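Visitor: fold the stuff below for me.
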Amino acid sequence: MIKYKESVTQSAEYLRLALPLMTKQAAAFHPLSYAIWYEYVAGINRPLKAAVDEQTANGAVLNEATVVSLYQKFISELDEETATRVRAGFQEVLAGMSQSAAEAGSQASQFGSALEQWTEDMGAAPIGGLVGGLDKLLGNTRQMQGAISSLNKQLDDSQQKIEQLRIEVDRAREDALADGLTGLVNRKGFDLALDACLSSCDPDQRGPSLLMTDIDHFKLVNDTYGHLFGDKVIKAVSQILKDNVKGKDTAARYGGEEFVILLPDTPIEGAKSLAEKIRSTIERSRIRRTETNEEIARVTVSLGVAAYCPGESATEFIQRVDSALYESKHGGRNLVTLAAAGGKGAKPAVGNKK
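Guide: Model (predicted):
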């Protein structure tokens, strides 16, 4: 789930592009503002870019309230402690760069003045005086070189600091988007993945497929064996889902005993086959009590499968696959049901009624 995968060189270039855009706004230089413009210039957050373009149309600028709103809606996943550390680190980077740039600018100004003075002296001073002026000019040149060298070193240090901040943000982002019990992506992470997937869909190409699954009679499992055992069942099902996703696929815990799998590059027939494989694998699995090694009654799942219909919203897409899951649950459970396009009803289920 690492979002920012740019190299140090790329991230430094995005910094160069982002800073001029930040200076045109009515918001202060802080991590929230930088995150917005970083993702904007990097082209990695299309919904954010569209919102920023809309907000800045006709020469309008972003104020503090707008920046906070954009950040919370399109980017925010950091806890407050991490955000504070990143804010302090970013301010440190900006302060160091500002100081080095000011020193280099001062040295450049002195060098320019010395050069002008030496040029004037050339027309009036004797040769001996010119030699003295040349020595002074050489001294100023060395100071100028030292200032430039210091600025370059500060820029290198700043790049390293920015890379450290990026790694910290990535780590915090992963933690914020992971489900603590299963290690799968959580609901928020899934929502972000689905939004990103749908925003990049080519209208002329086949869209993604979506699976939604629910553990059958899970309340009975909790009531019979306790919540700790229920957690063990959830983790076992999660592991099977992990084992059956790859590449760009996203398996997530959607809530409680419900899970979703987003398949960006899988057509509906492939998605249905995967759902049936998951159903049968879980049906054949057995979960035992740790303390007694006692085999517990079979655990099964019901699944719904849907292919994305061009033009529908994420909510409509999820509602269709949820309706297909509903058909499986009320058709006997331990079933896979394929949703019809456009929400016109689910197709007959496959699997074993139990």
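
Visitor: alpha carbons only for contacts and neighbour counts from here, please
Guide: Fine.

Visitor: measure the closest residue to residue 268 other than its chain neighbours to residue 272 for me?
Guide: Distance criterion CA to CA, 6 or more residues apart in numbering; nearest residue to residue 268, sequence neighbours excluded, is residue 307 at 5.5 Å. For residue 307, the distance to residue 272 equals 10 Å [CA to CA, to the nearest Å].

Visitor: neighbour count winner among those two?
Guide: Between residue 307 and residue 272, residue 307 has the larger neighbour count (other CA atoms under 10 Å), namely 27 against 24.

Visitor: who does the more buried one bridge with?
Guide: Legend: beta-bridge partners of residue 307 under DSSP bridges are residue 209.

Visitor: doesn't residue 212 make contact with it?
Guide: No. With contact defined as CA atoms under 8 Å, residue 307 does not count as touching residue 212 (11.8 Å).

Visitor: all strands for the stretch 251-354 of the chain, in order.
Guide: Residue ranges of the strands in the stretch 251-354 of the chain, as given by DSSP state E, counting those that start in this stretch, are 258-263, 301-307, 335-338, 350-351.

Visitor: any idea of the mean pLDDT in the last one?
Guide: When pLDDT is averaged along strand 350-351, the result is 53.

Visitor: tally of neighbours for residue 285?
Guide: Counted with other CA under 10 Å, residues neighbouring residue 285 total 13.

Visitor: now do the contacts for it.
Guide: Applying CA atoms under 8 Å, 6 or more residues apart in numbering to residue 285 gives the contacts 298-299.

Visitor: distance check, it against residue 224.
Guide: Taken as CA to CA, the span from residue 285 to residue 224 is 19 Å.

Visitor: now do residue 178
Guide: Counting by CA to CA - residue 178 and residue 224 are separated by 29 Å.

Visitor: count the neighbours of residue 19 for me.
Guide: 15.

Visitor: what about it, helix or strand, and which?
Guide: Residue 19 belongs to helix 8-23 when elements are defined using DSSP states H and E.

Visitor: got the buried residues for the helix or strand following that helix?
Guide: Next in sequence after helix 8-23, counting helices and strands by DSSP H and E, comes helix 31-42. Neighbour-count burial for helix 31-42 flags 31-34, 36-42 (criterion: 16 or more other CA atoms under 10 Å).

Visitor: C-alpha coordinates for stretch 188-199, PDB please?
Guide: Provided in PDB are the C-alpha atoms of stretch 188-199 (Å, rounded to 0.1, in the frame of the first residue of the first chain):
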ATOM      1  CA  LYS A 188     -10.900   3.300   4.100                       C
ATOM      2  CA  GLY A 189      -8.000   1.800   2.200                       C
ATOM      3  CA  PHE A 190     -10.500  -0.100   0.000                       C
ATOM      4  CA  ASP A 191     -12.500   3.100  -0.700                       C
ATOM      5  CA  LEU A 192      -9.400   4.800  -1.800                       C
ATOM      6  CA  ALA A 193      -8.300   1.900  -4.000                       C
ATOM      7  CA  LEU A 194     -11.700   1.700  -5.600                       C
ATOM      8  CA  ASP A 195     -11.900   5.500  -6.200                       C
ATOM      9  CA  ALA A 196      -8.400   5.400  -7.800                       C
ATOM     10  CA  CYS A 197      -9.300   2.400  -9.900                       C
ATOM     11  CA  LEU A 198     -12.600   3.900 -11.200                       C
ATOM     12  CA  SER A 199     -11.000   7.300 -11.900                       C
END
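
Visitor: so what touches that stretch?
Guide: In contact with stretch 188-199 (CA under 8 Å, 6+ apart) are residues 45-47, 177-178, 207-208, 250-252, 254, 262, 264, 314.

Visitor: what does stretch 34-54 give?
Guide: Residues from elsewhere that reach stretch 34-54, judged by CA under 8 Å, 6+ apart: 14-15, 17-19, 21-22, 67, 70-71, 74-75, 196, 199.

Visitor: what subset of the residues you listed is buried?
Guide: 14-15, 17-18, 21-22, 67, 70-71, 74-75.

Visitor: with distance to residue 335 and pLDDT added, can I get those in JSON lines?
Guide: Listed next are the buried ones among the contacts of stretch 34-54 as JSON lines, based on distance: CA to CA, whole Å; pLDDT from 0 to 100:
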{"residue": "14", "distance to residue 335": "49", "pLDDT": "85"}
{"residue": "15", "distance to residue 335": "51", "pLDDT": "86"}
{"residue": "17", "distance to residue 335": "52", "pLDDT": "89"}
{"residue": "18", "distance to residue 335": "51", "pLDDT": "89"}
{"residue": "21", "distance to residue 335": "53", "pLDDT": "91"}
{"residue": "22", "distance to residue 335": "53", "pLDDT": "90"}
{"residue": "67", "distance to residue 335": "47", "pLDDT": "89"}
{"residue": "70", "distance to residue 335": "42", "pLDDT": "88"}
{"residue": "71", "distance to residue 335": "41", "pLDDT": "84"}
{"residue": "74", "distance to residue 335": "36", "pLDDT": "80"}
{"residue": "75", "distance to residue 335": "37", "pLDDT": "78"}
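
Visitor: the helix holding residue 19 packs against which elements?
Guide: Judged by 3 or more CA pairs under 8 Å, 6 or more residues apart in numbering; DSSP states H and E, the packing partners of helix 8-23 are helix 31-42, helix 127-176.
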